[in-house]
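# pasted the sequence and its predicted model underneath.
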Amino acid sequence: MAEPIVVAEGLHKSFGDTHALRGLDLSVPRGTVCGVLGPNGAGKTTAVRILATLADPDAGHARIAGYDVVRDGDEVRARIGLAGQHAAVDEKLTGRGNLRMFGRLYHLSRREAHRRADELLERFGLMDAADRQVLGYSGGMRRRLDLIASLILSPEVLFLDEPTTGLDPRSRGEIWDGVRELVADGTTVLLTTQYLEEADRLADDIAVIDHGKVIATGTPDELKATIGDRLDVVLDDPGALRPAAAVLSALAGTDPAMTGADRLSVALSGDGLRLADIVRELDRAGVAAADVSLRRPTLDEVFLRLTDRKESVQ
């Protein structure tokens, strides 16, 4: 296991009567992508703000590269980059002008700011649009430029807070490629996202946050393994949903979810159920199935199970 570069221990944060964090613990190994998942209001953005020195915790401690985020704020800020949920670039400037401005704000010399801007524009495929006003950029191009701006100082740790919100699939893929390049060069990325496919594709490890605490951690495959394989059943007759659900509930020990007008899905506990046994029990109940299949669960299903948000057959 690589040495952790991001460590949070018992973080608490309240805003009036709202408890955003309730003892959050987190450890992110150096040179990896940590995906942070959670429902709206779970505390993801608050955790990022504390780690990025934008807010102080009410209790607990956090360190970036060994530096305390409260006591050693200047040292931490010299080692991190942050791209928030909304592009923070100036629409009236060109792409090149924005990056040069950020370089000067980070106290780079004029020559170094110009060099770094051109280097990043070339690397992330924006050189052709470098001298166009950002007002004319697409949403994906703006988000890429915002990501680039957070890399002016080559941060050891990059915080990405829902970086692809609202982007089309092509633009999202471009951001993913950029993140992979950064990690290949040694940057550690902490990624909060509402897109579970994004976490599945990018993250080495995932932390699921709910009600201000980390409730589960592991690789995507490890988290999927915690809820077992999924059994999917497609019925010949949608009117047979209730008897089919009763059969699956008895076999699996848990209520199935309705995934379509004629479809049911349920997690299996790994007790050796065979497809032939399942088909036989459905047949005994007078339920005709068009298709019965076993598969690994998706990260979406893991998330819904962990945060106790599911749709069951009534």
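Thanks, I have the structure now. All of these numbers come straight from a predicted model, not from anything done at the bench. Numbers count the residues shown, from 1 in each chain.

# which non-adjacent residue is nearest residue 102?
residue 149 (4.7 Å; CB to CB, 6 or more residues apart in numbering). Quick note: C-beta positions are derived from backbone N, CA and C, even for glycine.

# OK, contacts around residue 9?
When contacts are counted by CB atoms under 8 Å, 6 or more residues apart in numbering, residue 9 touches 25, 60, 61, 62.

# spatially central residue in this structure, please.
Closest residue to the average C-alpha location of the chain: residue 193 at 3.5 Å, with CA atoms, centre = their mean.

# mind checking how far it is from residue 207?
As judged by CB to CB, to the nearest Å, residue 193 and residue 207 stand 12 Å apart.

# likewise for residue 289?
38 Å.

# looking at the two, which is more packed in?
residue 207 (26 against 20; other CB atoms under 10 Å).

# correct me if wrong: that one contacts residue 214.
Yes. Under the criterion of CB atoms under 8 Å, residue 207 makes contact with residue 214 at 5.0 Å.

# what do the two both touch?
Common neighbours of residue 207 and residue 214, using CB under 8 Å, 6+ apart, are residue 26.

# so the protein: which segments form each domain?
Annotated domains of the chain cover 4-224, 228-296 [automatic domain parsing].

# mean pLDDT added to these, as CSV?
Output for the domains of the chain, formatted as CSV (pLDDT from 0 to 100):
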stretch, mean pLDDT
domain 4-224, 92
domain 228-296, 88
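
# which residues does the residue nearest to the centre of the chain contact?
Neighbours of residue 193 in contact, by CB under 8 Å, 6+ apart: 35, 36, 37, 160, 162, 163, 164, 199.

# what about the closest residue to residue 123 other than its chain neighbours, neighbour count?
Nearest non-adjacent residue to residue 123, counting by CB to CB, 6+ apart: residue 181, 7.3 Å away. The number of residues packed near residue 181 is 12, by other CB under 10 Å.

# helix, strand or coil: sort out residue 181 for me.
Three-state assignment for residue 181 (DSSP: H, G, I helix; E, B strand; the rest coil): helix.

# separation between it and residue 253?
For residue 181 relative to residue 253 (CB to CB), the value is 45 Å.

# swap in residue 21?
Between residue 21 and residue 253 the distance, using CB to CB, works out to 34 Å.

# try residue 281
14 Å.

# likewise residue 300?
Taken as CB to CB, the span from residue 300 to residue 253 is 22 Å.

# do the same with residue 237
25 Å.

# surely residue 191 and residue 28 touch.
No. Applying CB under 8 Å as the test, residue 191 and residue 28 come out as separate, 10.3 Å apart.
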